[in-house]
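1. sequence first, predicted coordinates after that:
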Amino acid sequence: MSVVKISNKKSLEKLQAKLTLRLGRKPTQQETLDYCIMLAHQNFEKVIEIAMHLPMLNSERAKN
């Protein structure tokens, strides 16, 4: 298992809370992220649209 740093943990917690209400059980963070990855695969073009607006990582930024 890999360790992943989540920059917006509050959003993940809110999503977990919504899933808990709808499913009737609390999914783990791993399950929640797995669902998000499945959804991203199904909507890959939308992910690309979102990612295009994020800043690019270059060698200068990578050193910091």
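-> Cool, the structure landed.
2. shaky segments in the chain?
-> Low-confidence segments of the chain (pLDDT under 70): 1, 57-64.
3. just the helices in it please.
-> 9-23, 29-42, 44-51, 59-63 (DSSP state H).
4. and the gap between Lys26 and Ala17?
-> 8 Å (Cβ to Cβ, to the nearest Å). Every C-beta, even on glycine, is put in place using the N, C-alpha and C of the backbone.
5. what does Met52 give?
-> Counting by Cβ to Cβ, the gap from Met52 to Ala17 is 30 Å.
6. between the two, which one's more packed in?
-> Ala17 (11 against 8; other Cβ atoms under 10 Å).
7. now do the contacts for that one.
-> Contact analysis of Ala17 by Cβ atoms under 8 Å, 6 or more residues apart in numbering lists nothing.
8. what about the residue lying closest to Gln29 once chain neighbours are set aside, neighbour count?
-> Of all residues not flanking Gln29 in the chain, Leu12 sits nearest, at 6.4 Å (Cβ to Cβ, 6 or more residues apart in numbering). By other Cβ under 10 Å, the residues close to Leu12 number 15.
9. going forward, count from 33.
-> All set: I'll call the first residue 33, so the last point we hit is now Leu44.
10. wait, Leu44 sits on Lys37?
-> No - in this structure, Leu44 is not within contact of Lys37 by Cβ atoms under 8 Å, at 11.7 Å.
11. now do the shared contacts for those two.
-> With the criterion set as Cβ under 8 Å, 6+ apart, the contacts of Leu44 and Lys37 do not overlap.
12. so what's Leu47 up against?
-> So Leu47 contacts Thr64, Cys68 (Cβ under 8 Å, 6+ apart).
13. same check on the one 10 residues further on?
-> If you count contacts by Cβ under 8 Å, 6+ apart, Arg57 has none.
14. how near is it to Asn40?
-> From Arg57 over to Asn40 (counting by Cβ to Cβ), the distance is 23 Å.
15. Gln48 too?
-> Gln48 is 13 Å from Asn40, by Cβ to Cβ.
16. how about Glu63?
-> Taken as Cβ to Cβ, the span from Glu63 to Asn40 is 18 Å.
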